[in-house]
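*Asks:* here are the coordinates; sequence isn't available:
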Ligand code: OXD
Ligand code: MN
C-alpha cells in the first residue's frame, strides 16, 4: 500500500510501474521488521548470505556480478537540455533521448519481480539542509544498503507532505548488461535513472548521483555547496572543538583522515578527533556568516582492502555489526569475511569475491580491490556527538589535498578565498606504480569533484568564487600533501595519525596563534611550528625523519611550479570561456611569483 497521498510521488511511481511492469510494489517504511524480512528473503534467493551472528551480528555478505564492480564514469551522463551546460568534464546526452533509451531498457524488466519504493532523506530528516528522494529499485541489496546509508521510510514522506521538491531516482538491474549500463543524471528535472548495474556507487542513488551530482547543481541555484569532502572535529584538552572539511582524490587516505587517531603524545594530553562524515559535505552559510557543514549520509561505503586495526581501527570497528560486505573473501566455515590488508591470517578453505575456492598461498587476491563495506556511521567509535546536528558544524578550515611526489609542500595556506578556490581547482594526483599506466602522470581533479560536478566545471568554479563574496566569516583554505617522496621513492612524511601534527598547525593558523612565512605559493609553516614531539619514523633503513627532512618538504621548488603552471594552463584551457577571471588572475600571479 502506498505510504503517501502526495500526487507527484504517486505519479512518479505509477509511471515507473507502467514502464517496468513489476508483479508487486512494496513501499519501504523504514521499520526494522520490514528490513529483517527483506534480508531473510535475500538470503533464501542467494542474493545475500547471513554472516556469523556472534562474531558479526546483523551482518551480511553480497557478491555483485563479475562485470559490475565499480562506478562507470564512461557510462555516466549529465543530461542537461543544452550540451554546453554540461561542460568538458562530463559526458552529455540529450534528455529526451536519454529518457527514451532508459525507458526502452527498463521496459517490462521487473516482470516477475518486486518493485521497491524507497523514500529517503539526505541529511537528518528534520534539518533545513535535508533533501528528500524517492528511489525505485528492483534490488533488495539496494533497499537494505540505502537503509544503512540514508534515512529511509515514513518520516521522509511525512516531512515532504504534498511537496514536489524531491529527487526522482529510478533504478533497475535489468540484465546487468555492461553494454547497456547507463547512469543518467537530469539535474534540471531532479531525476536520476540508473540501469543494468547493481554496484553501490551506480545504484545507491542517494550517494554520488544525488548528494554530489544533482545536489551540486541544486546548491549552485540555491546558494549552498555540495562537496566531496570529509568532515572532522578536533577536540582540544579544554573541550573546545574545531571543525574542518577535506577534499582528497581517491587513494589519498580520506577515510583514514576522517577517523584519524592522534599520536600518543597528543592523546595523553587529551586531544581527540571526531568524525562527522567521511565522503560528502553539504555546506551552507549560517546566520553568523560562517560556513556550516552537514554529512548528508548515515553510513560509510568504504573500500575494504587495506582497512586494518593498524591503518584505520575506527573504520574496522564500524563494520563489526549491522553491516554489509560486498565482494570480499567469504569464509563459509565460520561465516566471517576477510580482505587483503586486514591482517596476516587469510582464511583457508574460503571463497574469493567471485565465489570460487581460494588458496591464499597461490598469490591471487581474494577480495576485489574495490570490495566494500557498508556500515552504519553510528557504529564508529569516534563518531561526533554532533554528526546529526540539524544545523551542521561550523567550519574553521577547508583542506584540499593531493598526491604529489614533489611539487606540493607538506602544507600551505591560501592567501585569501579566491586563492583558496584556485588551490582547489588545481588539485591533482600523480599516478603511482601501484596503478596501471604511466607513473607520475598528473591528473587534475578539481576539489576531488571531477566525476561528480553535475554541471559545467567553469560555472562550478564561479559558484565557489560567488560563495566567497557572501561568506562574511570565511574559513581559511589550506592544501596538504602527505605523499612527498625521496629520490628512491620512500615516503618522507609518516602520514596516518601523524597528520594530526599538520591539522594542529592549521587550527592554530585559524585562531591566529602561529606565524607563517609568505612564499610564492601562499603561507607556509616555519618548521619549528610543526610539533614533532614523540615522532619516530624511519623513512628507510638508516634514514630517520627529523627537522631537516621536514624543512625539505616545506620549500617551494620554483622550477617544479613553473612546470605545474604550464600544466594548469592546459587544464584551464579545457574549461574554456566559463573559467572565472579570478582564477585566470590567480594563475598569472602564480606564474609571476615563480618566474626566475
Ligand atoms: C567513493 C568514491 O566511492 O569517491 O567514495 O569513488
Ligand atoms: Mn568518494
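*Replies:* Right, received. Where do you want to start? Since this is a predicted model, take the numbers as computed values, not measurements. Ligands and ions are numbered 1, 2, ... in the order given.
*Asks:* pull the contacting residues for the residue nearest the centre of the chain.
*Replies:* Centroid check for the chain by Cα atoms, centre = their mean gives residue 279 as the closest residue, at 3.1 Å. Residue 279 is in contact with 207, 228, 229, 230, 254, 255, 297, 300, 301, counting by Cβ atoms under 8 Å, 6 or more residues apart in numbering. C-beta: built from backbone N, CA, C; applies to glycine.
*Asks:* likewise for residue 394?
*Replies:* So residue 394 contacts 243, 286, 288, 290, 291, 292 (Cβ under 8 Å, 6+ apart).
*Asks:* quick revisit: out of the contacts of residue 279, list just those in helices.
*Replies:* Using DSSP state H, the subset of the contacts of residue 279 located in helices is 254, 255.
*Asks:* now the contacts of residue 279 in JSON lines, with pLDDT, neighbour count and distance to ligand 1?
*Replies:* As requested, the contacts of residue 279 are exported to JSON lines (pLDDT from 0 to 100; neighbours: other Cβ atoms under 10 Å; distance: Cβ to the nearest ligand atom, whole Å):
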{"residue": "207", "pLDDT": "97", "neighbour count": "26", "distance to ligand 1": "8"}
{"residue": "228", "pLDDT": "98", "neighbour count": "26", "distance to ligand 1": "7"}
{"residue": "229", "pLDDT": "98", "neighbour count": "30", "distance to ligand 1": "11"}
{"residue": "230", "pLDDT": "98", "neighbour count": "27", "distance to ligand 1": "10"}
{"residue": "254", "pLDDT": "93", "neighbour count": "21", "distance to ligand 1": "8"}
{"residue": "255", "pLDDT": "93", "neighbour count": "24", "distance to ligand 1": "8"}
{"residue": "297", "pLDDT": "98", "neighbour count": "24", "distance to ligand 1": "10"}
{"residue": "300", "pLDDT": "98", "neighbour count": "27", "distance to ligand 1": "9"}
{"residue": "301", "pLDDT": "96", "neighbour count": "22", "distance to ligand 1": "6"}
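*Asks:* closest to residue 144 among the contacts of residue 279?
*Replies:* residue 301 (12.9 Å; Cβ to Cβ).
*Asks:* which elements pack onto the helix or strand of the chain with the lowest mean pLDDT?
*Replies:* Lowest by mean pLDDT, DSSP states H and E among the helices and strands of the chain is strand 428-430, with a mean of 87. Applying 3 or more Cβ pairs under 8 Å, 6 or more residues apart in numbering; DSSP states H and E, we find strand 428-430 packed against strand 442-444.
*Asks:* which other helices and strands does the helix or strand following the strand it packs on contact?
*Replies:* The first helix or strand that comes after strand 442-444 along the chain, using DSSP states H and E, is helix 457-470. Counting contacts by 3+ Cβ pairs under 8 Å, 6+ apart, helix 457-470 packs against helix 215-222, strand 225-227, helix 417-425, helix 558-575, helix 581-594.
*Asks:* so residue 337 touches residue 330, yeah?
*Replies:* Yes. Contact criterion Cβ atoms under 8 Å: residue 337 and residue 330 qualify, at 5.9 Å.
*Asks:* shared neighbours of the two, anything?
*Replies:* residue 61.
*Asks:* okay, the two: which has more neighbours?
*Replies:* Neighbour totals were compared for residue 337 and residue 330, and residue 337 leads with 28 against 25 (other Cβ atoms under 10 Å).
*Asks:* what's near enough to touch that one?
*Replies:* Applying Cβ under 8 Å, 6+ apart, we find residue 337 in contact with 51, 56, 59, 61, 325, 328, 329, 330, 331.
*Asks:* who's in contact with the last one?
*Replies:* If I follow you right, that is residue 331. Contact analysis of residue 331 by Cβ under 8 Å, 6+ apart lists 337, 338, 347, 349, 350, 351.
*Asks:* next one: residue 270 from residue 30, what distance?
*Replies:* 39 Å (Cβ to Cβ, to the nearest Å).
*Asks:* repeat for residue 213
*Replies:* Per Cβ to Cβ, residue 213 is found 25 Å from residue 30.
*Asks:* these two - which one has more neighbours?
*Replies:* Taking other Cβ under 10 Å, residue 213 and residue 30 do not tie; residue 213 has more neighbours (26 against 19).
*Asks:* next, count neighbours for the closest residue in space to the more buried one that isn't next to it in sequence.
*Replies:* Nearest residue to residue 213 in three dimensions, chain neighbours excluded: residue 454, at 3.7 Å (Cβ to Cβ, 6 or more residues apart in numbering). Counted with other Cβ under 10 Å, the neighbours of residue 454 add up to 29.
*Asks:* test my guess that residue 454 contacts residue 185.
*Replies:* Yes. Residue 454 is within contact range of residue 185, at 5.8 Å (criterion: Cβ under 8 Å).
*Asks:* list residues touching both of the two?
*Replies:* 78, 213, 214.
*Asks:* residues contacting the first one?
*Replies:* Spelled out, that is residue 78. Neighbours of residue 78 in contact, by Cβ under 8 Å, 6+ apart: 86, 87, 90, 91, 92, 185, 187, 213, 454, 455.
*Asks:* correct me, but residue 118 touches residue 152?
*Replies:* Yes. The criterion here is Cβ under 8 Å, and residue 118 meets it with residue 152 at 5.5 Å.
*Asks:* which residues of this structure lie near ligand 1?
*Replies:* 71, 201, 250, 279 (Cβ under 6 Å from any ligand atom).
*Asks:* and for stretch 521-537, what's in contact with it?
*Replies:* Outside stretch 521-537, the residues that reach it (Cβ under 8 Å, 6+ apart) are 263-265, 409-415, 419, 423, 479, 494, 498, 501-502, 504-505, 508-509, 514-517, 544-547, 550-551, 554, 556, 561, 590, 593-594.
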